[in-house]
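*Asks:* Output the structure for:
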Amino acid sequence: MRFNIVTPVFNGERFLNETMLSVISQAGDFSIHYHVQDAGSTDSTAALLDEWKKRFAEGFPIACRGIDFTYAVEKDKGLYDGVNKGFAHCGPADAMTWINADDRFEPGAFATVASVFAAYPDVEWLTGRSTVLAESGESLFLSPVRPLPQTAIAAGIFDGRFSVHFIQQEGTFWRPKLWEAAGGLNASFRLAGDFDLWRRFARRAPLVTVDAILGCFRTRAGQLSADRNSYHAELDASLSDQDKKIRARAAFLYKACGYKYPVLVRHWGGPWTLECWPMSMLPFLGGRGFKLEHWRLQAAGYLGLAE
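*Replies:* As a prediction, this is how the structure comes out:
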């Protein structure tokens, strides 16, 4: 198993070391190509990258099969263009994602993804439980397993309005063949490029939610994602009138709990099991509500393993 991981950065000196350590400290039976794509930082980012290059040359200790570390300094047209440029520097792999220079992966994330992808070759992309950090790094929020049905993702309801949920980019992984089929990121987006990518992924494959923490999103002052009005305006402009009608219908079905969705869980320490969960009629119970509804229908014989 080999991972391609890209970190796009511009003047990211404050959190870059923490982000990089969350990648290179991953332990397991896999290798990593880790590429940092610098858009021409004017702070100490370049010096930090040089220091990391020296550390690897001197035999920096790692806990996986191997790490190829590269970086490039190139002007880009924005975050998503930088991510595309970064992946162009990477070779073949079995799993890929990007992590921004102020976010981080959780320990064991890559081992979990490697295990799932090895056990379930038909799973083309997956995500973990949404996790939010404060600027200081302390934990702010850990979501339960959230319903993210394929049809609803493709319709574009996960934008904080038509559904209060988002698909957290930090901790979402996919196979390269899905990235290639979707055509990568649309670099014309400034804020909602991942939203657009998820819609195109969902037209080809269901998103599988893993009952685990894989990545963490950090809230901080001045970040682009805080401009929610501009974010919504950009994604609305990307939808046709027909797309918006489809979105409205999908949002209605979602509120009516009219979907099922795939989830990977481990029961009592056993192997990862792929199941198809119904949407919970008990949302006030959070994750317990989803699990209670799943167990109830399974006991009644209405629910089996996901195909």
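
*Asks:* any idea which element the residue lying closest to Asn186 once chain neighbours are set aside lies in?
*Replies:* Leaving aside its sequence neighbours, Asn186 sits nearest to Asp196 (Cβ to Cβ, 6 or more residues apart in numbering; 5.4 Å). For glycine as for every other residue, the C-beta is placed from the backbone atoms N, C-alpha and C. In this assignment (DSSP states H and E), Asp196 forms part of helix 193-202.

*Asks:* pLDDT of that helix, averaged?
*Replies:* With pLDDT averaged residue by residue, helix 193-202 scores 98.

*Asks:* Show me what the next helix or strand along the chain from it is packed up against.
*Replies:* Using DSSP H and E, the helix or strand that directly follows helix 193-202 along the chain is strand 207-210. Applying 3 or more Cβ pairs under 8 Å, 6 or more residues apart in numbering; DSSP states H and E, one finds that strand 207-210 contacts helix 109-119, strand 125-127, strand 260-266.

*Asks:* residues in contact with the shortest one?
*Replies:* Okay, so that is strand 125-127. With Cβ atoms under 8 Å, 6 or more residues apart in numbering as the test, strand 125-127 has contacts from 113, 116, 148, 167-168, 171-175, 178, 201, 205, 207-210, 214, 264.

*Asks:* what does the longest one give?
*Replies:* Applying Cβ under 8 Å, 6+ apart, the external contacts of helix 109-119 come out as 1, 3, 26-30, 32, 64, 94-95, 123, 126, 128, 171, 173, 175, 208, 210, 212-215, 264, 271-272.

*Asks:* averaged over its residues, what pLDDT does it have?
*Replies:* For helix 109-119, the mean pLDDT works out to 98.

*Asks:* That helix versus strand 260-266: what angle between them?
*Replies:* Computed by axes from the mean of the first three to the mean of the last three Cα atoms, to 10 degrees, the angle separating helix 109-119 from strand 260-266 equals 110 degrees.

*Asks:* Mind giving me the packing neighbours of the helix holding Asp196?
*Replies:* helix 79-88, helix 150-155, helix 176-182.

*Asks:* and that helix, how far out from the chain's middle?
*Replies:* Centre-to-centre, helix 193-202 and its host chain are 11 Å apart (Cα atoms, centre = their mean, to the nearest Å).

*Asks:* Name all residues that make contact with Ser25.
*Replies:* Counted by Cβ under 8 Å, 6+ apart, Ser25 has contacts 62-63, 107.

*Asks:* for Trp98, phi and psi?
*Replies:* Here is the backbone geometry of Trp98 (degrees, to the nearest 10): phi -120, psi 160.

*Asks:* Am I right that it is in contact with Val6?
*Replies:* Yes. Contact criterion Cβ atoms under 8 Å: Trp98 and Val6 qualify, at 4.4 Å.

*Asks:* which of the contacts of helix 109-119 are buried?
*Replies:* 1, 3, 26, 28, 30, 32, 64, 94-95, 123, 126, 128, 171, 173, 175, 208, 210, 212-215, 264, 272 (16 or more other Cβ atoms under 10 Å).

*Asks:* Give me the subset of those lying in strands.
*Replies:* Cross-referencing the buried ones among the contacts of helix 109-119 against strands under DSSP state E gives 3, 32, 95, 126, 173, 208, 210, 215, 264, 272.
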